[in-house]
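[1] have a look at this prediction, sequence included:
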Amino acid sequence: MTNATDTDKQRAALDLLIRGFQVSRMIRLVADFGIADKVPEPQGCDVRDLAAACSVRPQPLLRVLRALAAFEIFRVGADGHVAHSPRSLLLRTDAPNSMHYGARFWTAPGSWQAWSALDSALTGGVPHETAWQASRFQYLQEHPEEGRIFDAFMAHFPDNRHAALASAYDFAGASLIADIGGGNGEALRQILGRFPGPRGLVLDRPDVVAAIPDALRLDGRIGVQGGNFFDGVPAGADVYLLSRVLHDWPDEDCIRILNGCRAAMSAEARLLIVEQILEPDPALGSPSEYLVDAHMMAMFGSARERTKAEFDELLAACGLQSLRLIATASPVWIIEAAAK
Ligand SMILES: C[S@@+](CC[C@H](N)C(=O)[O-])C[C@H]1O[C@@H](n2cnc3c(N)ncnc32)[C@H](O)[C@@H]1O
């Protein structure tokens, strides 16, 4: 039996979890205004100067920052002086593996409204579609500003998966690496930055690849192709990447994507599926993993995180077999697969 003190502690912790949306929404506000970049380090500044730099009123900004400071995000003095804390420094865009991009992404309007319709998932609906009458990727195409926030977050996900992939797999022998659903190309930049030999090709939705600036294409080593991976994928690559793509789709769509890869692959080509492997016992997994799984439900309905056995079943249904399961420095794993 727990004593009153334990119960009170649990109540206080639960209370803050229940109100977590308030915190994440305020973090988005400060990220949208670029506040962390505007607070000078280490001296800080007066909230009135900060408000002037953002063209907003000082008093509401102070109230937001004070609430965040209670969570150790910024330091705010009783006199309105604002300075960085270790957590707010992570929101600077120049911080390694910056949290700025996630702060803007999770509560952006598309996700926010989809989560408000979460109940519909329990009766077979897709919360995002209930909220917006549009699929997630259709919505992102129709809301380009949010589309670019999504792309930037995929490139800067706190799991640091692109750098982890580049250092966990030997790409030295590859001539062409095709990143299917490769977003703005960050995985290829990390890989090609480490391995001078290969070239890369990003296949993604036309609006996504059109937004990749030339400066990010490594002097042309990264080619881009706008298209729909359900219509097939380009032949001729020695390595095909599917990084965090399959978890966006239910099984039948994963099978279509994998069949497209299989049709494009030579007998020697390798397919690398880069995903978290679901730990079915939440006592053993990380909270972040189950939040991603729940987010997939909110965005895509039956799309989900999968166990290794579930990935193997998908591969087998498409004439592919898993060769190796490779750990990375990130929570993602690499399932290396080839034609059977
Ligand atoms: C979760 S993101 C992963 C991005 C990147 N691979 C990564 O690991 O960060 C899924 C990607 O699939 C792309 N995508 C979705 N539907 C697509 C389609 N039908 N054809 C091509 N790409 C698509 C999205 O635009 C997005 O970039």
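    Cool, the structure landed.

[2] give me the contact list for whichever strand or helix holds residue 188.
    Per DSSP states H and E, residue 188 falls inside helix 186-194. The contact list for helix 186-194, computed with C-beta atoms under 8 Å, 6 or more residues apart in numbering, reads 154-156, 161-163, 165-167, 171, 177, 179, 182, 198-200, 202, 216, 218, 221-222, 241, 243, 274. In short, each C-beta sits where N, CA and C put it, glycine included.

[3] now stretch 117-125
    Here stretch 117-125 has contacts from 126-128, 130-131, 297-298, 301, using C-beta under 8 Å, 6+ apart.

[4] what's the most distant pair in the residues you listed?
    131 and 297 (13.2 Å; C-beta to C-beta).

[5] just want to know which of these two has more residues nearby.
    residue 131 (22 against 19; other C-beta atoms under 10 Å).

[6] my guess is that one contacts residue 116, does it?
    Yes: in terms of C-beta atoms under 8 Å, residue 131 counts as a neighbour of residue 116; the distance is 6.5 Å.

[7] what about the strands in the chain?
    45-46, 75-76, 81-83, 176-180, 199-204, 222-226, 239-243, 270-275, 320-327, 333-339 (DSSP state E).

[8] between these, which one is closest to the ligand.
    Ranking the strands of the chain by proximity to the ligand (C-beta to the nearest ligand atom) places strand 239-243 first, at 3.4 Å.

[9] give me the nearest residue to the closest residue to the ligand within the stretch 1-150 of the chain, chain neighbours excluded.
    Residue of the stretch 1-150 of the chain nearest the ligand, by C-beta to the nearest ligand atom: residue 137 (4.7 Å). Of all residues not flanking residue 137 in the chain, residue 205 sits nearest, at 6.5 Å (C-beta to C-beta, 6 or more residues apart in numbering).

[10] scan the contacts of stretch 117-125 and report the most crowded one.
    residue 128 (28 neighbours).

[11] for it, what are its contacts?
    With contacts defined as C-beta under 8 Å, 6+ apart, residue 128 is in contact with 110, 114, 117, 134-136, 139, 298-300.

[12] one more pass at 7 Å, please.
    Residue 128 is in contact with 114, 136, 298-299, counting by C-beta atoms under 7 Å, 6 or more residues apart in numbering.

[13] quick one: which two of these are the most distant?
    It's 136 and 298 that sit farthest apart of these, by C-beta to C-beta, at 9.3 Å.

[14] for the one helix or strand in the chain whose mean pLDDT sits lowest, buried residues please.
    Sorting the helices and strands of the chain by mean pLDDT, DSSP states H and E puts helix 4-18 at the bottom, at a mean of 95. Within helix 4-18, no residue counts as buried by 16 or more other C-beta atoms under 10 Å.

[15] that helix: how far from the chain's middle?
    Centroid displacement of helix 4-18 relative to its chain, using C-alpha atoms, centre = their mean, to the nearest Å, is 30 Å.
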